[in-house]
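In: Sequence unavailable; structure follows:
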């Protein structure tokens, strides 16, 4: 990897021990994890010590670690080289543009990581099934799921090195929370036959109950003599008039569990599960931010609804920049919104497209 024998890229996020020594030469220690390979085996996977060095060097290095002085190696480490097909050749369904009915998922698309591979496999599998049965494509948008962000990034921007899905890549991560994943996606899952009726019913009940609790907190007034002891306890400014319980929840360090000290609140809130309570509290506490993000989604959705013909030739539009023509013809975006996410396509280019398409 250092003398030029291996030309391709190695792993960015799980580099070998020799790569770490080269990359972080100023460090004098490195943490590793000894992971048992199973209940009935003496084998361990030494996480953080992957290597492509010669076997005798690997053994010598391993035995330098305190506790591993007499370690035996069952299988030496090996180098990983990445190669992939440029994912800009794919549709959002992960079907290849050039060969109908051929779907790609996983590291072949330039990604690294198990979750990334599994997410693509799920979408490719669903869409292959839908294609065979004459059903509509199944596509998750950037505001609906991290899978949507992952796939849109791959096919719109491509990748020059192994891609990993980070939350920072999602512009709508306030909507893509762990606590509301079931609310966002169960109905879609139910529609395509993955989630059963019982699971759908439970999610609908969760939504109904969280709305009930939210309404109760928005309608219930708390007088100064009720709430001030709680505010003083957390060094928050006391009040001299009554306010809704929901207004107090927007204050820092005020939680529903603290308001539960008041019988008027606990009498109702205790009837609900922790999951429902959490959902109601988040919806109240961050309502302003969540509403703002939903507005941004709605604006973008208008551009998502402006379709670009499949055989559209961008090179014929003289007002587009040379780079925009090249990138647009390469990616072949399906909508104006997707075109706007392509690196090298400027807002001015998008305005030209909107005018050209009569918008």
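Out: Happy to help now that I have it. None of the values given here were measured: they were computed from a predicted structure. Residues are numbered from 1 along each chain as shown.
In: so who does residue 283 touch?
Out: 210, 214, 290 (C-beta atoms under 8 Å, 6 or more residues apart in numbering). In short, each C-beta sits where N, CA and C put it, glycine included.
In: and which of the residues you listed is nearest to residue 110?
Out: residue 290 (32.7 Å; C-beta to C-beta).
In: any idea how far the closest one lies from residue 180?
Out: 10 Å (C-beta to C-beta, to the nearest Å).
In: Ok, residue 197 next?
Out: Applying C-beta to C-beta to residue 197 and residue 180 gives a distance of 21 Å.
In: quick revisit: now pLDDT too, for the contacts of residue 283, in CSV please.
Out: Formatted as CSV, the contacts of residue 283 follow (pLDDT from 0 to 100):
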residue, pLDDT
210, 97
214, 97
290, 94
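In: From those residues, pick the one nearest residue 82.
Out: residue 290 (38.1 Å).
In: Assign the nearest residue to the closest one once chain neighbours are set aside to helix, strand or coil.
Out: Of all residues not flanking residue 290 in the chain, residue 174 sits nearest, at 6.2 Å (C-beta to C-beta, 6 or more residues apart in numbering). Of the three states, residue 174 takes coil according to DSSP: H, G, I helix; E, B strand; the rest coil.
In: Could you pull up phi and psi at residue 174?
Out: phi -70, psi -30 (degrees, to the nearest 10).
In: Count the neighbours of the residue nearest to residue 255 when sequence neighbours are not counted for me.
Out: Distance criterion C-beta to C-beta, 6+ apart; nearest residue to residue 255, sequence neighbours excluded, is residue 281 at 6.8 Å. Residue 281: 23 surrounding residues under other C-beta atoms under 10 Å.
In: for residue 349, same thing?
Out: For residue 349, the neighbour count with other C-beta under 10 Å is 23.
In: try residue 137
Out: Neighbour tally, residue 137, other C-beta under 10 Å: 14.
In: how close does it sit to residue 89?
Out: From residue 137 to residue 89 the distance is 17 Å (C-beta to C-beta).
In: How about residue 175?
Out: With C-beta to C-beta as the criterion, residue 175 and residue 89 are 30 Å apart.
In: Mind listing what's buried along the longest helix belonging to the chain?
Out: For the chain, the longest helix by residue count, based on DSSP state H, is helix 197-219. Going by neighbour count (16 or more other C-beta atoms under 10 Å), the buried part of helix 197-219 is 200, 203, 206-207, 209-210, 213-214, 216-217.
In: Closest one of the residues you listed to residue 58?
Out: Distances from residue 58 to the buried residues of helix 197-219, taken by C-beta to C-beta, are shortest for residue 203, at 49.9 Å.
In: State the pLDDT value of the closest residue to that closest one other than its chain neighbours.
Out: Among residues not flanking residue 203 along the chain, residue 186 sits closest, at 4.4 Å (C-beta to C-beta, 6+ apart). Per-residue pLDDT puts residue 186 at 97.
In: Kindly report the same for residue 167.
Out: 88.
In: residues in contact with it?
Out: Counted by C-beta under 8 Å, 6+ apart, residue 167 has contacts 146, 173, 176.
In: Now for the last one, how many residues are close by?
Out: Counted with other C-beta under 10 Å, the burial measure for residue 176 works out to 21 neighbours.
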